[in-house]
Each structure stands twice: as structure tokens, then as C-alpha cells.
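Asks: Generate coordinates for the sequence data below:
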Amino acid sequence: MGLQGKFIVALLISAALPLLIALAVFETSGFRYFLDERGRFHHMQAATLVQALDEAADHHGEMFQIWLAEDSALPDFVSGKNREGAGVDGGERARQTRMLDELWPSLPEDDSRLLEVLRNPGSQSLLRYMKLQPEVAEVLVTDAHGRLVAATGKTTDFDQADEDWWREGSVLGEGGRWTDIFRFDTSSNVFSQDIVLPLHDNGVFAGVVKMSMDVSSLFPRLASRNNNVPGERWEIVLADGWILASSEKGFVPLTHRVPEQARQNIIKNGRGWLLTQDDTGHAWLTGFAALESHQETHGAHILFSSLRDDVVQPLQKRFLQIGAVAIAFFGLCMLGGYWIVRNDILIPLEALRRAARSISATARTLPPQSLDIEEIRKQKDAAIHDLNVISIIRTGDEIEALAADFADMSERVLRYHSELEAQVAARTPAADSKASA
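Replies: The predicted structure is shown next:
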């Protein structure tokens, strides 16, 4: 391989290797950074949908508080029930509550004890409210001791004081509100989200209201937040992995589950993003957020997903664009580098090589009669021409200094050859004359 080939290989290594390394880093680290950025965006989308459901729950809580302020039948009834039980001994009240709680599931619809709860001014007020708010699946109200005093339908038990929602509601301040997780409500036979509000009588705790919302009525609010872009979807996933709702057309609740590994990751972290794969083999980038982020244990989550290929397509397009620009830039740099090397190194070195050969040729041009004088003259002219060429080399580096030194040396060699030839020429006639004599 000649010097020119070696320089080309060196340029390729010095330029192409960093380019390939940069592209590899961009493809790996850059891709992971982009995927992480898009994952955080998907988590934010999921959190936004959670906020939409929270806003819906807050809206219904506020509407019910307005109803209580406008229709005093329920607060007045609950206050009256508390006054009726004020004179009853605590132990006796607990015994009566326990006994009725045991009988409650088996009570027939026409039992007076059941009708006392379902047909009273408080229950009538609740039914009127439900007619105005069809999203409400069930409402029940307890007194200050957790006993059921009013309801829109028969519940599974009478004593509510041992329920988590009642404990939460009993410690809320006046005007407070607490939202439970999504779950299947056996009383209303729907997937519900409970909104719990406390009742107060002149600042004194009087009871708790639990309003169960049919969560399917809240899904349109999600659809309004998400334009259902092709390749994107939102889902509500229960703690056991069953998908309760989805923005996909034709979806049937509780017919599909998220992959077990993904479910465990979602339950463990509560919020974030991950890569999942559905039953059809499609990969999805999924952001998730817990619907009950204020609780220690996670239940339902909202997932916002996009097809992974759709997410990475802009990055792949950008990678191709950057690669094309980098290759074009690399080509220009290669041409520029080769032009500099050729003009400042290769051409001067080639001139020095030719000059060295020319000078070397003149060293064999002693003028015996057997040599061609015309050929000797041509060789001298070529050496002088090559000497003039290297004397004008201006590279500003070691090659220019080498050319100057070589030119100086060559001039001395040519001058020495000329003097030697003149001496030989002067002596040759005398030697010929002696030989003739």
C-alpha cells in the first residue's frame, strides 16, 4: 500500500470511527433517554386522567353538599334519630345493633325494621337526589354510632361502624370529603367509587353519608380528555389485573387482563411507566397512575398507552436524518482532509521523489565518448526543472524545510557534477593527443 492509500485509510479510521461511535451512543443512550422522556409524558397523561376522575368525584360531592343545604329533610331526620337514641344505654344499644345486624341479611322486603330504614323522610330525600343524578348508584346514611338510618336500597348489613369508609368519614371535619377506591359494590351490583361525607348538627358529629358512583358514568369524562388518537388508549385496571374500562371500541369490561409482570410492577410502584405486550404481540409504552394515590395500598390504576412503534418512529426518523447529515459531513471532511493531505504532503513528496531520481540520473552522466551527449543534456534539464519545482514548495511545515534542504543539496550535487565533467572534458583531449603520439 502506497503512502496515498495509507493516508486514506488513516483518514477513514480517524473520521469514520468517531462517527460510528457517536451514532452507536445516540442509538443506545439517546434512545433510552427519549423512551424515558416519552414514558414520563405517558405517566403525566395517566395522572391527568386520574385528575379528571377526581374532579368528577369532587363534583358529585359538592352537588350532594349543596343538596343537603337546600333540602334539610335528611339532616333533620338523622339529627332526630340521634336524639331518640341519646337516652339508650350504650351496652343496650350495642346489643340491639348487633342483633339487628345478624338478622339484617335475611329480613324480607316487607319487614317493618327494613321499611323503617328505606321509607322515611331521609330516604325519600335520597331518592329525589338520585333522580336528578343518574350517575349515583346507591346512597346510605348512618347515625353517629354507625347504625343505618336511611338508604336507597337494602344493604348487606345494618351496622356500618366496622367499615373502613365509616371510620374515615367519622373523623372528617364539617364540609370534608373522602373518596374510596374502585371496587365491586355488592349492594348496588356495579363497579363503584364511594364518596363519603360527614353530617354535623350545630358542629357536632351526627352521622356519615356514603354515596356510591357507578364508575362507568365517569368514563365519558376520560374520553373527553383523550381524543382517542389511533395507536393510543386509556384503561382502568383493577388491583387483580382485570381491565374494567378501556377507550378501545367494542371493549367488554372484565374480559382481558394486563400481563402479570406488568400488574406486579404497577401495584409495586403505583406510578411511572413501563413497556408491555398485549395478547396480539403488540408492544405498548404505558404510563400509569394510581386512582387512590392518597392511600398506602394501591387498588385501581389508570393506564395511558401508545404503540411502541408509533412512539419510536419519530426517533428513528430523526436518527436517519442525523445519520444522513453525519455521513454527508463525513464525506465533506474526507474530501477536505484528502485535499489538504494531497496538496501539502503527497504532491510535495512526489516532487521530492522525482527530483531525487533526476539528480540520481545525473550522477551517472559522466561524458565518456560512448554516452549520448543529447541524453545527458535532457537529464540535466529534467534535474534542473525538478529542482526548481521543489524550491517553490511552500507548506509551512517540515516538508517545506526538507524541500529547501534537498534543493540546496541538489544544487551542490549538480554544481559538483558540472565541475567534474568540465575537468574530465579538459583532460580528455590531452590524453587523446598522447595516445596518438
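
Asks: Phi, psi for residue 236 please.
Replies: phi -110, psi 120 (degrees, to the nearest 10).

Asks: Then residue 300?
Replies: Note on residue 300: its backbone torsions stand at phi -80, psi 150 [degrees, to the nearest 10].

Asks: got the contact list for it?
Replies: Counting by CB atoms under 8 Å, 6 or more residues apart in numbering, residue 300 touches 181-182, 236-239, 244, 290-292. Backbone N, C-alpha and C define where each C-beta goes, glycine included.

Asks: Now render the residues you listed as TSV, adding secondary structure.
Replies: Formatted as TSV, the contacts of residue 300 follow (DSSP: H, G, I helix; E, B strand; the rest coil):
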residue	secondary structure
181	strand
182	strand
236	strand
237	strand
238	coil
239	coil
244	strand
290	strand
291	coil
292	coil
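
Asks: need these in JSON lines with distance to residue 168, can you?
Replies: As requested, the contacts of residue 300 are exported to JSON lines (distance: CB to CB, whole Å):
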{"residue": "181", "distance to residue 168": "12"}
{"residue": "182", "distance to residue 168": "16"}
{"residue": "236", "distance to residue 168": "22"}
{"residue": "237", "distance to residue 168": "24"}
{"residue": "238", "distance to residue 168": "21"}
{"residue": "239", "distance to residue 168": "19"}
{"residue": "244", "distance to residue 168": "23"}
{"residue": "290", "distance to residue 168": "17"}
{"residue": "291", "distance to residue 168": "16"}
{"residue": "292", "distance to residue 168": "12"}
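
Asks: Quick check on the residues you listed: which are buried?
Replies: Burial by neighbour count, 16 or more other CB atoms under 10 Å: within these this picks out 181-182, 236-239, 244, 290-292.

Asks: Relative to residue 400, which of the residues you listed is nearest.
Replies: Using CB to CB, residue 290 comes nearest to residue 400 of the buried ones among the contacts of residue 300, at 74.5 Å.

Asks: shouldn't the closest one be in contact with residue 271?
Replies: Yes. Residue 290 lies in contact with residue 271 (CB atoms under 8 Å); the separation is 6.2 Å.

Asks: distance between the ends of stretch 100-111?
Replies: 12 Å (CA to CA, to the nearest Å).

Asks: Off-centre distance for it?
Replies: 55 Å (CA atoms, centre = their mean, to the nearest Å).

Asks: got the buried residues for that stretch?
Replies: 100-101, 104, 107.

Asks: Tell me the one of these nearest residue 396?
Replies: Taking CB to CB as the measure, residue 101 is the one of the buried residues of stretch 100-111 closest to residue 396, at 102.6 Å.

Asks: Check the gap between that closest one and residue 91 for me.
Replies: Noted for residue 101: a distance of 16 Å to residue 91, by CB to CB, to the nearest Å.

Asks: Model confidence for residue 131, exactly?
Replies: If you check residue 131, the pLDDT there is 92.

Asks: Oh, that last question was meant for residue 369, not what I typed.
Replies: As predicted, residue 369 sits at a pLDDT of 50.

Asks: just the one 4 residues further on next, same as before
Replies: The predicted structure scores residue 373 at 67 on the pLDDT scale.

Asks: so what are the domain limits for this structure?
Replies: What automatic domain parsing lists as the domains of the chain is 31-53+225-308, 71-218, 315-431.

Asks: Save the ones you listed as CSV, and put in distance to residue 20 too.
Replies: Shown next, in CSV, are the domains of the chain (distance: least, CB to CB, whole Å):
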stretch, distance to residue 20
domain 31-53+225-308, 16
domain 71-218, 52
domain 315-431, 10
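
Asks: Nearest to residue 18, out of those?
Replies: Once these are compared by CB to CB, domain 315-431 is nearest, at 9.4 Å.

Asks: So what's the gap between the closest one and the chain middle?
Replies: For domain 315-431 - counting by CA atoms, centre = their mean - the centre lies 61 Å from the chain centre.

Asks: same check, this time on stretch 195-213
Replies: Using CA atoms, centre = their mean, the offset of stretch 195-213 from its chain centre is 43 Å.

Asks: Pull out the buried residues from that stretch.
Replies: In stretch 195-213, counting by 16+ other CB under 10 Å, buried: 195-201, 205-213.

Asks: Go through those residues and name the one nearest residue 127.
Replies: Once CB to CB is applied, the member of the buried residues of stretch 195-213 that ends up nearest residue 127 is residue 211, at 12.9 Å.

Asks: would the closest one count as being in a helix?
Replies: No. Applying three-state DSSP, one finds residue 211 to be strand, outside a helix.

Asks: what would the buried residues of stretch 100-111 look like in a markdown table with pLDDT and distance to residue 83?
Replies: Shown next, in a markdown table, are the buried residues of stretch 100-111 (pLDDT from 0 to 100; distance: CB to CB, whole Å):
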| residue | pLDDT | distance to residue 83 |
| --- | --- | --- |
| 100 | 93 | 19 |
| 101 | 92 | 22 |
| 104 | 94 | 23 |
| 107 | 92 | 25 |
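
Asks: Now secondary structure too, for these, in a markdown table please.
Replies: Formatted as a markdown table, the buried residues of stretch 100-111 follow (three-state DSSP):
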| residue | secondary structure |
| --- | --- |
| 100 | helix |
| 101 | helix |
| 104 | helix |
| 107 | coil |
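
Asks: still on that earlier bit, could you work out the most separated pair of the buried residues of stretch 195-213?
Replies: With CB to CB as the measure, no two of the buried residues of stretch 195-213 lie farther apart than 201 and 213, at 26.0 Å.

Asks: about what we covered before: now, which of the buried ones among the contacts of residue 300 sits nearest residue 277?
Replies: residue 237 (15.2 Å).

Asks: was I right about the closest one contacting residue 267?
Replies: No. Using CB under 8 Å, residue 237 makes no contact with residue 267, being 9.6 Å away.

Asks: Among the contacts of residue 300, which one sits closest to residue 402?
Replies: residue 290 (76.3 Å).

Asks: contacting residues around the closest one?
Replies: Taking CB under 8 Å, 6+ apart as the test, what residue 290 contacts is 50, 270-271, 298-301.

Asks: Return a PyMOL selection command for the buried portion of the residues you listed.
Replies: Here is the PyMOL command that picks out the buried ones among those, judged by 16+ other CB under 10 Å:
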select buried, resi 50+271+298+299+300+301
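
Asks: could you dump the contacts of residue 290 to JSON lines with secondary structure, pLDDT and distance to residue 119?
Replies: Output for those, formatted as JSON lines (DSSP: H, G, I helix; E, B strand; the rest coil; pLDDT from 0 to 100; distance: CB to CB, whole Å):
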{"residue": "50", "secondary structure": "helix", "pLDDT": "83", "distance to residue 119": "39"}
{"residue": "270", "secondary structure": "coil", "pLDDT": "85", "distance to residue 119": "44"}
{"residue": "271", "secondary structure": "strand", "pLDDT": "88", "distance to residue 119": "46"}
{"residue": "298", "secondary structure": "coil", "pLDDT": "50", "distance to residue 119": "40"}
{"residue": "299", "secondary structure": "coil", "pLDDT": "71", "distance to residue 119": "34"}
{"residue": "300", "secondary structure": "coil", "pLDDT": "81", "distance to residue 119": "35"}
{"residue": "301", "secondary structure": "strand", "pLDDT": "88", "distance to residue 119": "40"}
